[in-house]
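S.K.: Give me coordinates for this.
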Amino acid sequence: MFTEWMKFAIASARLGQETQEVVALRMMKLARGGTAGNLEAHRMLTEKGFALAEAASTLAVGGSMAKVVRRYRSHVRANKTPPESLRRAPPPLCHGNIKSLPLR
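M.R.: Have a look, this model is predicted:
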């Protein structure tokens, strides 16, 4: 019993960590604004509704919380890949770039 509880606790903690990583990626996309940010906001709201319905139906038919957490983690992992525009690293800020920045 204790081992099962610990497995569930660790899976839940991993879900929390992975979720925070996805939220950070999505917040960067939202901060950029534009059409991509607007679509991301709508996508996030739609996903939340479907995830709630899926979790509720799993529990309603006798599924376990561990199964719900496993399914949520698979959804979160699918969203973990950053968009192409965020994968590229910005150019390093070196001494040459500092001179060209406008001073105010």
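
S.K.: Name the residues of the longest helix anywhere in the chain that come out as buried.
M.R.: Looking across the chain with DSSP state H, the single longest helix is helix 2-32. Residues of helix 2-32 classed as buried: 11, 15, 18-19, 22, 25-26, 29 (neighbour count, 16 or more other Cβ atoms under 10 Å). Glycine gets a C-beta too; all of them are placed from N, C-alpha and C.

S.K.: repeat for stretch 62-70
M.R.: Within stretch 62-70, the residues that count as buried by 16+ other Cβ under 10 Å are 68-69.

S.K.: And for that stretch, what's in contact with it?
M.R.: For stretch 62-70, contacts defined as Cβ atoms under 8 Å, 6 or more residues apart in numbering pick out 4, 7-8, 11-12, 15, 55, 58-59.

S.K.: Need the worst-confidence member of those residues.
M.R.: Least confident entry in the contacts of stretch 62-70, by pLDDT: E4, with 88.

S.K.: mind checking how far R70 is from L52?
M.R.: Distance from R70 to L52, counting by Cβ to Cβ, to the nearest Å: 16 Å.

S.K.: try V69
M.R.: Taken as Cβ to Cβ, the span from V69 to L52 is 14 Å.

S.K.: What is the end-to-end distance of stretch 22-42?
M.R.: 16 Å (Cα to Cα, to the nearest Å).

S.K.: So for this structure, the centremost residue is which one?
M.R.: Nearest to the mean C-alpha position of the chain, by Cα atoms, centre = their mean, lies V22 at 1.9 Å.

S.K.: Enumerate every residue touching that one.
M.R.: Taking Cβ under 8 Å, 6+ apart, we find V22 in contact with 76, 79-80.
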